[in-house]
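> okay, sequence plus prediction incoming.
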There are 4 protein chains.
Amino acid sequence: MKHVQSIIAEMKDRVFSANLQLPKWGLVQLTWGNVSEINREQGIIVIKPSGVSYTEMTVEQMVVVNLKGDPIEKNSLNPSSDLPTHLELYRSFPTIKSVVHTHSKHAVSWAQAGRSLPSYGTTHADAFYGEVPITRQLTKEEVQDNYELATGKVIVETFETQSLDPMSVPGVLVNGHGPFTWGASVEKAIENSLILDEICSMGLMTESIQKKENTLPKYILDKHYFRKHGATAYYGQG
Amino acid sequence: MKHVQSIIAEMKDRVFSANLQLPKWGLVQLTWGNVSEINREQGIIVIKPSGVSYTEMTVEQMVVVNLKGDPIEKNSLNPSSDLPTHLELYRSFPTIKSVVHTHSKHAVSWAQAGRSLPSYGTTHADAFYGEVPITRQLTKEEVQDNYELATGKVIVETFETQSLDPMSVPGVLVNGHGPFTWGASVEKAIENSLILDEICSMGLMTESIQKKENTLPKYILDKHYFRKHGATAYYGQG
Amino acid sequence: MKHVQSIIAEMKDRVFSANLQLPKWGLVQLTWGNVSEINREQGIIVIKPSGVSYTEMTVEQMVVVNLKGDPIEKNSLNPSSDLPTHLELYRSFPTIKSVVHTHSKHAVSWAQAGRSLPSYGTTHADAFYGEVPITRQLTKEEVQDNYELATGKVIVETFETQSLDPMSVPGVLVNGHGPFTWGASVEKAIENSLILDEICSMGLMTESIQKKENTLPKYILDKHYFRKHGATAYYGQG
Amino acid sequence: MKHVQSIIAEMKDRVFSANLQLPKWGLVQLTWGNVSEINREQGIIVIKPSGVSYTEMTVEQMVVVNLKGDPIEKNSLNPSSDLPTHLELYRSFPTIKSVVHTHSKHAVSWAQAGRSLPSYGTTHADAFYGEVPITRQLTKEEVQDNYELATGKVIVETFETQSLDPMSVPGVLVNGHGPFTWGASVEKAIENSLILDEICSMGLMTESIQKKENTLPKYILDKHYFRKHGATAYYGQG
């Protein structure tokens, strides 16, 4: 038991810090965002409580749930209402360790426009191997039945239909809603949120001035993505 | 009397803090904004003084008026020149407890364009149940007669004509002018100002990139609005 | 002499503080801006030194010149290269007491587009009584002969040709260059710089979303301008 | 040896400070940028280490390399992966002393649009004597062979083909990638990064509102560039 307790404590620390990073980076207003982390061996997930202000939130308030989403600590606060989306992503994408949802304004704008984000440049290619996909709109039945679960399912459907690897395309735009990102760690997942918003902002401005379509050639996309990721990466300190 | 004094002191505290929140959130420049709160039982309203700088303003300077707008404290400063607009809103919308006016730049841009804000996404739907309406332009007579009162009246007319509930659409864009928002508390009213500016900004960007109209389906609007508001809400800590 | 010295010291204080306000308000980058103040009785002007960084500038470095622009203190730094523009404005607009020049980005964008700023809303009308005019481009001869003086002259020409009153339209956009503003005090002049940049930003966004031209009716322009300015003003604490 | 050690120490100080300036000025997110400085007499270059966070970076971590790019200190970190681009610029542009690369969002947007930046105003003319050029896209072979070196070569090719002087046009937009700037000192090189991003932002907004093309006449470009640069400059303290 001691072991699990210290694992949980460390998860709470990371999830708490990551949640606080979101307003600091300008990615959330008010309570519009949530971060979670999974420990697959222990079968537990730590996630932000629902509707709690970032300025009043404490590390103890982070909510611990099992893989079905049931809180496993006494007197737990309600988990983020988006928890079923996170759970579906953890179930379907076995390599991811953290999920982040924000309403960052530039990413939301692409989601609201119902458009995937084209890979216009190397800033994009350094983190996302190809377009950031947009989901289809949910149907009335999906929304009324189990909305947050359906949101997770439509993300998974998007990746399956387009044969995308969630580790090389670590994020998505949910139609009419906003971005979800993920990664091999909490740090990577929130970094991907920042990058996604930044490239969405650049994409907006690119389209406002471009005279003809100028997306990145596939061979530069390959070069930039693989110099940072994969077996032959040479960016960073190795 | 003691009772009323402490009610007033608490109202001044809240109105003062809320006014200071506006520049902190980037919603006002210089002196361009004002917050008020009503206590309907006591028949008093507390509002920002007119033209006083946010950096020099003190809690004591908050102006206390009766429902006709007459100051009820000795040596009171002049209330915000927009007071008659606030009064009209309090008279016509009996459920609201606070009114906020800003010249936040994204909301002003929609007001200046003479357009209501379509509900493009869930960020919008979480706070506004449908379009944020634009008023008609005031006539010459209305402007010359009692401009600030007429501003209140045209807001009320807009809500009546379109059968809107001010509690589910807690704000409006006054044509050529800017946003007014309100709520069941000072905190909610200023939060609605922040949200309105943010969704106006997202709406601007959405329109600049969208290839075809992509407003939120009614059933998602319903879902998001009612998961946060109303009897069956499940967002937050209940 | 004592009297003049203390007048100069106070002018230096105000001009120094106002210059520092510009980067604080986000209106200048690097050294791109300058503020001056005139004392017409003493026939002296205090202005920012040329090319000195805002982070290293001291109050003593403010440059004191006579109406011809000659420094009147020993070991004076070079005055801002835009001094001849300021001098021409002081000569031709006898009611102004301070001049501010910035390269604030939204105002520069209108200047670069070669367009005057339409009065789209009440934020504009509160400070500028009608369009903010754009000058014509300077001719080759004007630029080569005495560029900075010619800049002042083309501003004056713009106001004379359009019969504008510099006190009710306290600023201008110099074609291909940027904004100059002024006022009855240093505080008013820099406030007008802030307002001009803000309404230029709002104007940009307004035009990006408007479906038809929606400039402010003349009677609302009148109402807003005169409720803040002139004999019948009732905004502020009187 | 003592002499070289103190030269290196001073270079590390300057390169370290300049790298920290980039996030402070809002020009980089995460680790997206790098600054280097050359000492041509000693044949050494100091550059940021690859992929190290700006918040954890120390002055000692700055990487010292020779003109071939080989680290000359023991236990050196990996230099920025963009080092070969910097080296090519130092080889081909003998007058430059520092190179800066960022992914600043407005400059990236022009790079992604595949467009050179027209000289729309005097803010531009004060620092760049004419358009900021865009490179052609690299070919597949160039990218696969030695990408970072090819990036340097295509910049040099752009300047040679258009007969541009790197000291009067101290920066470039690499197609689909982003800006590189340089200068006669580290301070000038990072200043040029800031200016380039600012004028890219102004250019974006200018194009969104201009009704007809309004680039700066050649004689104003000359005037502004040469009043700040060259033998007859009179801007600043001389």
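Thanks, I have it.
> which residues does A:Val28 contact?
Shown in contact with A:Val28 (Cβ atoms under 8 Å, 6 or more residues apart in numbering or on different chains): A:Leu22, A:Tyr54, A:Thr102, A:His103, A:Ser104. Bear in mind the C-beta positions are built from the backbone N, C-alpha and C, glycine included.
> check A:Glu142 too.
A:Ala150, A:Lys153, A:Val154.
> surely A:Gly178 touches B:Ala125?
No. Counting by Cβ atoms under 8 Å, A:Gly178 does not reach B:Ala125; the two are 11.7 Å apart.
> still on that earlier bit, between the contacts of A:Glu142, which sits nearest chain C?
A:Val154 (29.6 Å; Cβ to the nearest Cβ).
> look up phi and psi at the residue most central in space within chain A.
The residue lying closest to the centre of chain A (Cα atoms, centre = their mean) is A:Thr181, at 1.7 Å. A:Thr181 adopts backbone torsions of phi -130, psi 170, taken as degrees, to the nearest 10.
> quick check: it touching A:Pro170?
Yes. A:Thr181 is within contact range of A:Pro170, at 5.8 Å (criterion: Cβ under 8 Å).
> nearest spatial neighbour of A:Ile209, chain-adjacent residues omitted?
D:Ala113 (4.8 Å; Cβ to Cβ, 6 or more residues apart in numbering or on different chains).
> give the contact list for the one you found.
Applying Cβ under 8 Å, 6+ apart to D:Ala113 gives the contacts A:Thr206, A:Ile209, A:Gln210, A:Lys211, A:Asn214.
> restrict the contacts of A:Glu142 to those near chain B?
With Cβ under 8 Å from any Cβ of the partner chain as the criterion, the contacts of A:Glu142 include none near chain B.
> where does chain A dip in pLDDT?
With pLDDT under 70 as the threshold, chain A has low-confidence stretches at A:1-2.
> what parts of it come near chain B?
Taking Cβ under 8 Å from any Cβ as the measure of proximity, chain A contacts chain B at A:29-30, A:32, A:49-52, A:77-78, A:81, A:103, A:105-106, A:108-115, A:137-138, A:140, A:143-144, A:147, A:175-178, A:203-204, A:207-208.
> element containing the residue in chain A positioned nearest to chain C?
Among all residues of chain A, A:Ser208 sits closest to chain C, at 8.9 Å; criterion: Cβ to the nearest Cβ. Using DSSP states H and E, A:Ser208 sits within helix A:186-209.
> and the next helix or strand past that helix?
In N-to-C order, the element after helix A:186-209 by DSSP H and E is helix A:218-228.
> for A:Val172, grab phi and psi.
phi -150, psi 160.
> same check, this time on A:Glu37
Dihedral angles (degrees, to the nearest 10) for A:Glu37: phi -140, psi 140.
> ok, what's across the strand from it?
Beta-bridge partners for A:Glu37, by DSSP bridges, are A:Val46, A:Ser98.
> which residues of chain A lie near chain D?
Close to chain D, as judged by Cβ under 8 Å from any Cβ, chain A has residues A:120-123, A:126, A:191, A:194-195, A:198, A:201-203, A:205-206, A:208-212, A:214, A:216-217, A:219-220, A:223, A:227, A:234-238.
> mind listing the strands for chain A?
In chain A, the strands defined using DSSP state E lie at A:33-39, A:44-47, A:63-66, A:98-102, A:171-174, A:178-183.
> may I have the phi/psi pair for the residue in chain A positioned nearest to chain B?
Residue of chain A nearest chain B, by Cβ to the nearest Cβ: A:Gly51 (3.1 Å). A:Gly51 adopts backbone torsions of phi 70, psi 20, taken as degrees, to the nearest 10.
> can you count the residues close to it?
By other Cβ atoms under 10 Å in any protein chain shown, 17 other residues sit near A:Gly51.
> and if you look at A:Arg136?
Residues lying near A:Arg136 (other Cβ under 10 Å) number 12.
> wait, isn't it in contact with A:Thr161?
No. With contact defined as Cβ under 8 Å, A:Arg136 does not count as touching A:Thr161 (9.2 Å).
> now do the contacts for the residue lying farthest from the centre of chain A.
The centre of chain A is farthest from one residue, A:Lys211, which by Cα atoms, centre = their mean lies 32.3 Å away. Contacts for A:Lys211 (Cβ under 8 Å, 6+ apart) come out as D:Ala113, D:Arg115.
> swap in A:Ser17?
A:Val186.
> could you list the buried residues of stretch A:229-238?
Within stretch A:229-238, the residues that count as buried by 16 or more other Cβ atoms under 10 Å in any protein chain shown are A:Tyr235.
> and that stretch, how far from the chain's centre?
Centroid separation between stretch A:229-238 and its chain, computed with Cα atoms, centre = their mean, to the nearest Å, is 23 Å.
> start and end of that stretch, how far apart?
By Cα to Cα, to the nearest Å, the extent of stretch A:229-238 from end to end equals 11 Å.
> what residues does that stretch touch?
A:Tyr129, A:Ser168, A:Phe226, A:Arg227, A:Lys228, D:Pro49, D:Ser50, D:Gly51, D:Val52, D:Leu77, D:Asn78, D:Ser81.
> put the buried members of the residues of chain A next to chain D into a ChimeraX selection.
Selection of buried members from the residues of chain A next to chain D for ChimeraX, criterion 16+ other Cβ under 10 Å:
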select /A:120,121,122,123,126,191,194,195,198,201,202,203,205,206,208,209,210,214,216,217,219,220,223,227,235
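> got the phi/psi numbers for the residue farthest from the centre of chain A?
phi -100, psi -30.
> quick one, phi/psi of A:Ala233?
Here A:Ala233 shows phi and psi, under degrees, to the nearest 10, equal to phi -60, psi 140.
> not counting its neighbours along the chain, what's nearest A:Glu148?
Counting by Cβ to Cβ, 6+ apart, the residue nearest A:Glu148 is A:Pro84, at 3.9 Å.
> contacting residues around the spatially closest residue to A:Lys12 that is not a sequence neighbour?
When the adjacent residues along the chain are set aside, A:Lys12 lies closest to A:Met62, with 4.2 Å between them (Cβ to Cβ, 6+ apart). Neighbouring residues of A:Met62 by Cβ under 8 Å, 6+ apart: A:Met11, A:Lys12, A:Val15, A:Phe16, A:Val46, A:Ile47, A:Lys48, A:Pro49.
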